[in-house]
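> below is the structure, and that's it, no one-letter string:
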């Protein structure tokens, strides 16, 4: 089983920056894709950004040009650098990873516990 631990959330003023980190740990596994999702109060969870093991990235239109996702494959860690933050970016941010469990041969998809990001106006 793969566990994800997020860090880096907090309170920031509009226009500011934050960097989120998510580290994966567990038994032998190979992560194919990692990403960040967010859920604001009263809204559905939505995609923020994803990155594959080869470095291909995908962003929600609402964060393009402001957020950057990156990945350290050697340490199974994904980062989300958030700049020019807006109050509407306020949400709980969740890390997600999907890949192959090398012990069982089965695929997996794991979620982190979430980290709160609050942007004040």
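Arrived safely, thanks for sending. Not measured: the values here are computed from a predicted model.
> element containing the residue positioned nearest the centre of the chain, please.
With distances taken as Cα atoms, centre = their mean, residue 36 lies nearest the centre of the chain, 2.6 Å away. Residue 36 is part of strand 29-39 when elements are defined by DSSP states H and E.
> what strands line up against the helix or strand that comes right after that strand, and which way round?
Following strand 29-39 in sequence order, the next helix or strand is strand 46-52 (DSSP H and E). Partners of strand 46-52 in the sheet, by DSSP bridges, are strand 29-39 (antiparallel), strand 57-59 (antiparallel).
> now do the contacts for the residue nearest to residue 62 when sequence neighbours are not counted.
Residue nearest to residue 62 in three dimensions, not counting chain neighbours: residue 88, with 7.8 Å by Cβ to Cβ, 6 or more residues apart in numbering. (Each C-beta comes from the backbone N, C-alpha and C, glycine too.) With contacts defined as Cβ atoms under 8 Å, 6 or more residues apart in numbering, the neighbours of residue 88 are 40, 62, 119.
> phi first, then psi, for the first one.
Right, the one you point to is residue 40. phi -90, psi 160 (degrees, to the nearest 10).
> ok, now which ones touch it?
Contacts of residue 40 (Cβ under 8 Å, 6+ apart): 88, 90, 91, 92.
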